[in-house]
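> fold the following.
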Amino acid sequence: MQRVHFIAIGGAAMHNLAIAISKKDNFLVTGSDDEIFEPSRTRLKENGLLPDEMGWFPERIHKELQAVILGMHATEDNPELIRAKELKLKIYSFPEYLFQQTRSKTRIVVGGSHGKTTTTAMILFVLKQLKIDVDYMVGAQIEGFENMVKLSYDSRIAVFEGDEYLTSPLDRRPKFHLFKPHIAVLTGIAWDHINVFPTFENYVEQFKIFTELMEVQGRLIYFDGDENLNKIAENLRRDIVPFPYNTPEYEVRNGITYLITKYGDIPLKVFGEHNLQNMNAARLACRQIGVTDEQFYSVISAFPGASNRLEKIAETQNSVAFKDFAHSPSKLKATVKAVKSQFPDRKLVACMELHTFSSLTENFLPQYAGCMAEADVAFVYYNPEVILHKRLKEINPEQVKAAFGGDNLSVYTDSQALQQKLRELNYDNTALLLMTSGNFSGVNLIEFAKELLK
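As a prediction, this is how the structure comes out:
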C-alpha cells in the first residue's frame, strides 16, 4: 500500500491530484488544510478525502508515508512540513509528483503565456474521441472529463498543461521546468507574474530553459508569429526538432467559424484567431503520437471549449454573452478582438476586472494600452481592498483610464455601481463580454448575464 499525504489538499490543483491518486489501486490518500473552499470541499467529501477537521496536525505525518505532497498554499513553517523533514520523508511538489508518476510515459507539455489550457483541452478532447487513453493534468474543468488530473498504470502517454508559475514554497523553479517533455508546445510569450519575474527578459528566459530541459530528440511545436519564440527556436539543442505553426485558413459565416482544410470546410464551436492557432498546435502535437490530420479534423468540430475560456453563458435571439479568464494584456486584447471579429455587426460591451498581482501593479498598468480599443463600450473594475490585501501601492481610476486609453472606457471601483450601470444599457444586437480571473467582488456571472440579456 502506497500511503500519500497532501499538505494543503484544498488547492485547485492539489485536490484534483489527490482524487486522481486515490482512484489508483493500492494507494491510500490523506490530507490537511487550514481552510477549504468550494468546489474543492464538496469534491473531496464525495471522494472520502475531506479532512475531519481543519488545521495542521504533525501527528498525521509518520514513517509509513511513501510521499508527502506540498501545495503552494503551505508555508515553510508549516508544522506538518517540519515533521516530514524531521522524519526525512520524500517531499514532492505538485509537478514533481506528476513527473514521478509519468517517468516512463511519453510526455506532451503545453506551455506559453496564453492558450495553455485551451490547447491542452483540445489535445485531450481529440484523444478521448479517438479512444486513445492518456494521463493528464489541465488547469480547467473540461466537458466530458470528470477530473482535472488523471494518473493510471496503463496509459503510455501523459498530457500536461505547463504553468510557468513557481513550484512550491521550497522550490522557486517554474512548474513547467520539472516536466521534461518529449513533445513540447509553446503558444506565445507575453510578460506576466511580475511579482516573480521582475523583467521581461527574465520571464522569457524561463521558456528558453524549458526547451533546454526537454528529453533527448524532443519535438518543439511553437507559434512562429512570436519573435521571442523564433529566437528560442533558432538556438535549440541540435537534437530537438522544431515545428512552427501559425493561424490556419478560416472563414466566418453567419456567426460560425469554418476551418478551411483539404478534407472540407469544418464548422467549429469555438472562434477567434488565438483559438485557431491553439487548434493548429494541438493538431501538430497529436500528429507526433500517430494521429493523422484527417482523424484530428474528423472530431475537432465538436470541441466545446474549456471552462471560462470564451464560454457562452447567455444568449437570446439577437444578443449573446461570454465569460473569459482573460486578465493579462495579451489575453484581454485577443479575447476582445475574437468577439468583435465573430460578431462584427453587433455592439460589443466588454467588461474586465483587474484582479491579479500583476494587473494591479502601478508599473505594469501601461501594458494594457489599447487592449479594449475594439470594444464599443468598455468597463474596467477593480476593488481597492484587493490592492490592500496584496500589499500593493494604491492606484486610482484616473491612472487606470490613462493606462488603457480610449474614449470608450469607464473605470469603476464599486461593484454595485458597475452592475447598475450595466443594467441601464440596451442589449439589443449586442455581444457582452465579461473578463476576470475573479468574480467582480461576488457576482454570479452566469445569472447576471442572463438578467442583462433579458
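> residue boundaries of the strands in the stretch 351-454 of the chain?
Assignment of strands within the stretch 351-454 of the chain using DSSP state E, counting those that start in this stretch yields the ranges 377-381, 409-412, 430-435.
> hmm, who's touching the last one?
Contacts of strand 430-435 with the rest of the structure, by C-beta atoms under 8 Å, 6 or more residues apart in numbering, involve 313-314, 318-327, 332, 335-336, 339-340, 342-343, 346-353, 375, 440, 445, 448-449, 452-453. The C-beta positions use only the backbone N, C-alpha and C, and glycine is treated the same way.
> ok so, going back, and among the strands of the stretch 351-454 of the chain, the most buried is which?
strand 430-435 (a mean of 25; mean count of other C-beta atoms under 10 Å).
> and that strand with strand 377-381, angle?
Counting by axes from the mean of the first three to the mean of the last three C-alpha atoms, to 10 degrees, strand 430-435 points 20 degrees away from the direction of strand 377-381.
> report the rounded mean pLDDT for strand 430-435.
The pLDDT scores in strand 430-435 average 97.
> how far does it sit from the chain's center?
Computed by C-alpha atoms, centre = their mean, to the nearest Å, the separation of strand 430-435 from the middle of its chain amounts to 20 Å.
> just put the strands of the stretch 351-454 of the chain in TSV and tack on distance to Glu96.
Below are the strands of the stretch 351-454 of the chain laid out as TSV (distance: least, C-beta to C-beta, whole Å):
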stretch	distance to Glu96
strand 377-381	38
strand 409-412	42
strand 430-435	33
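> helices along the stretch 151-300 of the chain, start to end?
Ranges of helices within the stretch 151-300 of the chain are 200-212, 227-234, 273-288, 293-300, based on DSSP state H, counting those that start in this stretch.
> of all those helices, which one is nearest Asp414?
Comparison of these against Asp414 by C-beta to C-beta identifies helix 273-288 as nearest, at 31.8 Å.
> list the helices and strands that closest one packs on?
strand 106-111, helix 116-129, strand 183-186, strand 219-223, strand 241-245, strand 256-261, helix 293-300, helix 329-342 (3 or more C-beta pairs under 8 Å, 6 or more residues apart in numbering; DSSP states H and E).
> which of the helices of the stretch 151-300 of the chain sits most buried?
Of the helices of the stretch 151-300 of the chain, helix 273-288 is the most buried (mean count of other C-beta under 10 Å), at a mean of 24.
> could you dump it to PDB, C-alpha only?
C-alpha atoms of helix 273-288 as PDB (Å, rounded to 0.1, in the frame of the first residue of the first chain):
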ATOM      1  CA  GLU A 273      -7.600  33.600 -34.100                       C
ATOM      2  CA  HIS A 274      -6.000  32.500 -30.800                       C
ATOM      3  CA  ASN A 275      -8.300  29.500 -30.600                       C
ATOM      4  CA  LEU A 276      -7.500  28.600 -34.200                       C
ATOM      5  CA  GLN A 277      -3.800  28.900 -33.500                       C
ATOM      6  CA  ASN A 278      -4.300  26.700 -30.500                       C
ATOM      7  CA  MET A 279      -6.000  24.200 -32.700                       C
ATOM      8  CA  ASN A 280      -3.100  24.100 -35.100                       C
ATOM      9  CA  ALA A 281      -0.700  23.500 -32.100                       C
ATOM     10  CA  ALA A 282      -3.000  20.700 -30.900                       C
ATOM     11  CA  ARG A 283      -3.100  19.100 -34.300                       C
ATOM     12  CA  LEU A 284       0.700  19.000 -34.600                       C
ATOM     13  CA  ALA A 285       1.000  17.600 -31.000                       C
ATOM     14  CA  CYS A 286      -1.400  14.900 -31.800                       C
ATOM     15  CA  ARG A 287       0.400  14.100 -35.100                       C
ATOM     16  CA  GLN A 288       3.600  13.300 -33.100                       C
END
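> and the angle for it with helix 329-342?
100 degrees.
> contact partners of helix 273-288?
Contacts for helix 273-288 (C-beta under 8 Å, 6+ apart): 108, 110, 114-115, 118-119, 122-123, 126-127, 183, 185, 187, 219, 221, 223, 225, 243, 245-248, 250, 257, 259, 268, 270, 293, 295-297, 300, 305, 310, 334-335, 337-338, 341.
> can you say which of those are buried?
Applying 16 or more other C-beta atoms under 10 Å to the contacts of helix 273-288, the neighbour count classes 108, 110, 114-115, 118-119, 122-123, 126-127, 183, 185, 187, 219, 221, 223, 243, 245, 250, 257, 259, 268, 270, 295-297, 300, 305, 310, 334-335, 337-338 as buried.
> make a ChimeraX selection of the buried ones in the contacts of strand 430-435.
Selection of the buried residues among those in ChimeraX, burial being defined by 16+ other C-beta under 10 Å:
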select :313,314,319,320,321,322,323,324,325,326,327,332,335,336,339,340,342,343,346,347,348,349,350,351,352,353,375,440,445,448,449,452,453
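> quick one: Lys175 and Gly162 touch, right?
Yes: counting by C-beta atoms under 8 Å, Lys175 does reach Gly162; the two are 6.8 Å apart.
> how is this protein carved up into domains?
2-89, 97-300, 311-453 (automatic domain parsing).
> check the offset of the longest one from the chain's centre.
Read that as domain 97-300. With C-alpha atoms, centre = their mean, you get 11 Å for domain 97-300.
> repeat that for the last one.
Between the centre of domain 311-453 and the centre of its chain there are 19 Å (C-alpha atoms, centre = their mean).
> sorry, back to before: just send the helices and strands packed on helix 273-288 back as JSON lines, with distance to Gln206 and mean pLDDT too.
Formatted as JSON lines, the helices and strands packed on helix 273-288 follow (distance: least, C-beta to C-beta, whole Å; pLDDT from 0 to 100):
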{"stretch": "strand 106-111", "distance to Gln206": "9", "mean pLDDT": "98"}
{"stretch": "helix 116-129", "distance to Gln206": "14", "mean pLDDT": "96"}
{"stretch": "strand 183-186", "distance to Gln206": "11", "mean pLDDT": "98"}
{"stretch": "strand 219-223", "distance to Gln206": "15", "mean pLDDT": "98"}
{"stretch": "strand 241-245", "distance to Gln206": "19", "mean pLDDT": "98"}
{"stretch": "strand 256-261", "distance to Gln206": "32", "mean pLDDT": "96"}
{"stretch": "helix 293-300", "distance to Gln206": "30", "mean pLDDT": "97"}
{"stretch": "helix 329-342", "distance to Gln206": "16", "mean pLDDT": "92"}
